[in-house]
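Enquirer: need coordinates for the below:
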Amino acid sequence: MEHISPENLLFIDIETVPQSATYEEMDETRKKLWNKKAQFLIKEGESPEKIFQRSGIYAEFGKIICISAGYLHIRDGKPSVRIKSFFGDNEEKILQDFKELLINYRKVREFSLCAHNGKEFDFPYLARRMLIHSISLPAELDIAGKKPWEIKHADTMELWKFGDFKNYTSLELLTHVFDIPTPKDDIDGSMVAHVYYEEKNLERIVRYCEKDVISIIQLMLKFNCRDMIPEENIEIIV
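Expert: Numbers count the residues shown, from 1 in each chain. This next block holds a predicted model:
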């Protein structure tokens, strides 16, 4: 995988939640549309109400509450990482600020976006939510009419498949396989909506999102048979 240089990647992760805290808070039109969508998702014994929390993974029913982005650079002669997060209740502002980051970073270097399962989730979700807010797509997300080799997207899950499309491999599993240290007392993706709506602890979600970006960076370094970045060389930009 050495043809994919980690230095030429902007690593991202997003966290999403349903647009309302509960099924009951949706208006009647949205309920009807979710009920129709849920028919293709529910298993025996389930109902649209029961699986409502899963609506956050669909751009038509969810929203983005955090985007974390990170990149590799040299600091004091050592490989280092910088992480910046955009988060809050105002999804439009989050997306606008992230778009501005992409535009400014493009002035500094040529890069591709990288995420775990990004081609199936993060990249299309970002593009769809931007269009819903009438935000014109940045070049990195505007893939319409582009040839495959012109689309600057990298995906650690796709790289790990080596052409095998049978299985989904989680970031959690790969960090374990490659012995990449991760916090043991953190949340997981299934808990994000609860932490956001019930605990109202957005900061906890931001830390979780940043942790995933760091894990993706370390994983890509492992894919290139390179040393991981030590914790003291990871900088979180406030």
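
Enquirer: so what does the longest helix along the chain touch, helix or strand wise?
Expert: Ranked by residue count under DSSP state H, the longest helix found in the chain is helix 202-223. Counting contacts by 3 or more C-beta pairs under 8 Å, 6 or more residues apart in numbering; DSSP states H and E, helix 202-223 packs against strand 9-18, strand 62-75, strand 78-87, strand 112-115, helix 156-161, helix 171-177, helix 192-197. Heads up, the C-betas are built off the backbone N, CA and C, glycines and all.

Enquirer: so which of the ones you listed gets nearest residue 144?
Expert: Across these, residue 144 has its closest neighbour in strand 112-115 (16.0 Å, C-beta to C-beta).

Enquirer: state the distance from residue 197 to residue 30.
Expert: Residue 197 sits 17 Å away from residue 30, going by C-beta to C-beta, to the nearest Å.

Enquirer: I'd say residue 174 and residue 156 touch.
Expert: Yes. Shown here, residue 174 and residue 156 form a contact pair, counting by C-beta atoms under 8 Å, at 7.4 Å.

Enquirer: look at those two and report which has more neighbours.
Expert: Neighbours were tallied for residue 174 and for residue 156 using other C-beta atoms under 10 Å; the higher tally belongs to residue 156 (26 against 20).

Enquirer: excluding chain neighbours, what is closest to the more buried one?
Expert: Using C-beta to C-beta, 6 or more residues apart in numbering and skipping residues adjacent in sequence, the residue nearest residue 156 is residue 116, 4.7 Å away.

Enquirer: that neighbour contacts residue 173, correct?
Expert: No. Under the criterion of C-beta under 8 Å, residue 116 is not in contact with residue 173, lying 10.6 Å apart.

Enquirer: so for the two, which residue has more residues nearby?
Expert: The residue with more neighbours, out of residue 116 and residue 173, is residue 116; 28 against 11, by other C-beta under 10 Å.

Enquirer: which residues touch that one?
Expert: By C-beta atoms under 8 Å, 6 or more residues apart in numbering, residue 116 lies in contact with 13, 155, 156, 157, 171, 174, 212, 215, 216, 219.

Enquirer: how about 10 Å then?
Expert: By C-beta atoms under 10 Å, 6 or more residues apart in numbering, the residues touching residue 116 are 11-13, 122, 155-160, 169-172, 174-175, 212-213, 215-216, 219-220.

Enquirer: out of those residues, which end up buried?
Expert: Among the contacts of residue 116, those classed as buried by 16 or more other C-beta atoms under 10 Å are 11-13, 122, 155-158, 160, 169, 171, 174-175, 212-213, 215-216, 219-220.

Enquirer: quick check: residue 188 touching residue 204?
Expert: No. Using C-beta atoms under 10 Å, residue 188 is not in contact with residue 204, being 11.9 Å away.

Enquirer: more neighbours, the two?
Expert: Taking other C-beta under 10 Å, residue 188 and residue 204 do not tie; residue 204 has more neighbours (16 against 9).
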